[in-house]
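Below are the sequence and a predicted model; questions follow.
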Amino acid sequence: MEVTLNEEEQKLVLYSEKELSRLLNISLPKLRSDRVKGIGFPWRKIGTKSVRYPMHECLAYLQKRNGLSYEEKDQV
């Protein structure tokens, strides 16, 4: 079953680094290295230790980086 979220709902979804790593098949060390370098996916620090990646910002980053919308990507 596929769940579709509208833009407002996407703004509420935060991925942990492990979740984003699994979803996009990117290693945790790569995510962490990019974060330290100030490149890669947008992230937020929650409290003193937790790092979270906002879904809507990650989607926008992927669209900008790949030059595709998700509708176009699905049809390719």
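Received it, and whenever you're ready, just let me know what you need. Numbers count the residues shown, from 1 in each chain.

moving C-terminal of the longest strand seen in the chain, what's the next helix or strand?
If you go by DSSP state E, the chain has its longest strand at strand 50-54. Using DSSP states H and E, the helix or strand that follows strand 50-54 in sequence is helix 55-66.

roughly how far is that next one from the heart of the chain?
Taking CA atoms, centre = their mean, to the nearest Å, one finds helix 55-66 lying 7 Å from the centre of the chain it belongs to.

Give me the nearest residue to residue 20, chain neighbours excluded.
Nearest residue to residue 20 in three dimensions, chain neighbours excluded: residue 53, at 4.9 Å (CB to CB, 6 or more residues apart in numbering). No exception for glycine: its C-beta is placed from N, CA and C like everyone else's.

Mind listing the residues bridging to that neighbour?
Per DSSP bridges, the residues bridged to residue 53 are residue 15.

how close does the residue most central in space within the chain sit to residue 48?
The structure's the chain has its C-alpha centroid closest to residue 58; by CA atoms, centre = their mean the separation is 3.2 Å. Taking CB to CB, to the nearest Å as the measure, residue 58 falls 23 Å from residue 48.

other SSEs contacting the longest strand of the chain?
strand 14-16, helix 17-24, strand 44-46 (3 or more CB pairs under 8 Å, 6 or more residues apart in numbering; DSSP states H and E).

can you rerun that using 7 Å?
If contacts are counted by 3 or more CB pairs under 7 Å, 6 or more residues apart in numbering; DSSP states H and E, strand 50-54 sits against strand 14-16, strand 44-46.

Give me whichever of those strands is most buried.
strand 14-16 (a mean of 17; mean count of other CB atoms under 10 Å).

for that strand, what is the average pLDDT?
When pLDDT is averaged along strand 14-16, the result is 94.

what does stretch 48-62 give?
Stretch 48-62 comes out at a mean pLDDT of 92.

What is the end-to-end distance of that stretch?
End-to-end distance of stretch 48-62 (CA to CA, to the nearest Å): 27 Å.

Residues in contact with that stretch: which ones?
For stretch 48-62, the external contacting residues (CB atoms under 7 Å, 6 or more residues apart in numbering) are 7, 10-11, 13-17, 20, 41-46.
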